[in-house]
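Colleague: Got a predicted structure here, sequence first:
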Amino acid sequence: MKWFLCSCQGVKDEKRKRTRTYAILDTRTGCTAFVQFSIGKDGVWMVVYHNMIHNHAMVPLNKRHLIRSQSKVSKEALYFMSTLKASGVKVSDTLRVLRKEVGGSPMVAFTASDAYNALSRAKTSKLEGHDCHQLIKYFTQRNSSKEGFYYDFELSEEEGLLIFFWRDGRMKRYYDYFRELLVFDTTYRTNKYDMMCAPFVGMNNHSNNVMFGICFGINEKAESFNWIFQTFLTSMGGNPPITIMTDEAPSIYSCRDKECFSRC
């Protein structure tokens, strides 16, 4: 079952009165409007119950773009703003151009705050060209000078470097001896690019942690994890671990029936 409630659902808790350093606008009115869906095995959603009566005024159509659930920066708009910003044009000026082109603020479908946030996320989600080049150069040098060093990466024309994985010869030897348990943790993040930092960790005969490899990625999609596990297995000569322990990322579980998991 899936429930969708009105954003004005609920009321303010008067018992939680305390001194605040700032005020938060409370728009809750105790609205009971809702829609309940059932989802069939075929993925079809069906309305089961609903209450379409609201106890408050509705948002005018010309203000609809200000609702948080409706605010969305499209890929085309983000590309347009990023291009002009890289050319030295201010974001505020770019927004004025967009509004004039499409016929006003409601047609843009996002606010200035949304634009700044989208540009900030786009910057942190994509490795800068210099950093990407230096990283690949460093891996190439390590691969040619260190016996047993292994690395691989995946590129995208739109987003640049998506994922990269590496392990050295010592990590491979650790894995050959102690592959009974593999812990894969995706809860760590890097500072500059907010990338997923996911180490492959095991345990030796002295109950100490040993590293088997490490990967970094800009997203946590199922296809990314498929690539990560397949690359890890390839780097280890195709020998799967006996047991895998991971966190509760849904995208990891969605790919657990793939070849990389079925062999474990």
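Modeller: Received it, and whenever you're ready, just let me know what you need.

Colleague: From residue 181, how far out is the residue lying closest to residue 179 once chain neighbours are set aside?
Modeller: Once flanking residues are discounted, residue 179 sits nearest to residue 241: 4.7 Å by CB to CB, 6 or more residues apart in numbering. (C-beta placed from N, C-alpha, C; glycine too.) Residue 241 sits 7 Å away from residue 181, going by CB to CB, to the nearest Å.

Colleague: Over to residue 162?
Modeller: Residue 162 is 28 Å from residue 181, where distance means CB to CB.

Colleague: More neighbours: which of the two?
Modeller: Each of residue 162 and residue 181 has its neighbours counted (other CB atoms under 10 Å); residue 162 has more, 22 against 13.

Colleague: sec struct for the more buried one, please.
Modeller: Put simply, residue 162 is strand when judged by DSSP: H, G, I helix; E, B strand; the rest coil.

Colleague: Please enumerate the strands of this structure.
Modeller: For the chain, applying DSSP state E gives strands covering 2-5, 34-39, 45-51, 150-156, 160-167, 181-184, 188-189, 196-203, 209-217, 243-246.

Colleague: The shortest one: partners in the sheet, and parallel or antiparallel?
Modeller: Using DSSP bridges, the strands paired with strand 188-189 in its sheet are strand 196-203 (antiparallel).

Colleague: ditto for the fourth one
Modeller: In the sheet containing strand 150-156, the strands it pairs with under DSSP bridges are strand 160-167 (antiparallel).

Colleague: Look up how far residue 201 lies from the closest residue to residue 114 other than its chain neighbours.
Modeller: Leaving aside its chain neighbours, residue 114 sits nearest to residue 71 (4.8 Å; criterion: CB to CB, 6+ apart). Relative to residue 201, residue 71 is positioned 40 Å away (CB to CB).

Colleague: How about residue 75?
Modeller: Distance from residue 75 to residue 201, by CB to CB: 37 Å.

Colleague: Low-confidence regions, the stretch 51-200 of the chain specifically.
Modeller: Applying pLDDT under 70 to the stretch 51-200 of the chain flags the ranges 65, 68, 70, 102-109, 121, 123-130, 146, 157-159, 190-194.

Colleague: still on that earlier bit, overlap in contacts of residue 241 and residue 181?
Modeller: Common neighbours of residue 241 and residue 181 are listed as residue 202 (criterion: CB atoms under 8 Å, 6 or more residues apart in numbering).

Colleague: rewinding a little: who's more crowded, residue 75 and residue 201?
Modeller: Ranked by neighbour count (other CB under 10 Å), residue 75 and residue 201 place residue 201 first, with 18 against 10.

Colleague: Let me see the confidence value for the closest residue to residue 50 other than its chain neighbours.
Modeller: Leaving out its chain neighbours, the residue that sits closest to residue 50 by CB to CB, 6+ apart is residue 35, at 4.6 Å. Residue 35 is assigned 94 on the pLDDT scale.

Colleague: okay but residue 35 is in contact with residue 4, surely?
Modeller: Yes - here residue 35 reaches residue 4: they are 4.8 Å apart, a contact under CB atoms under 8 Å.

Colleague: Those two - which one has more neighbours?
Modeller: The neighbour comparison of residue 35 against residue 4 (other CB under 10 Å) goes to residue 35, with 15 against 10.
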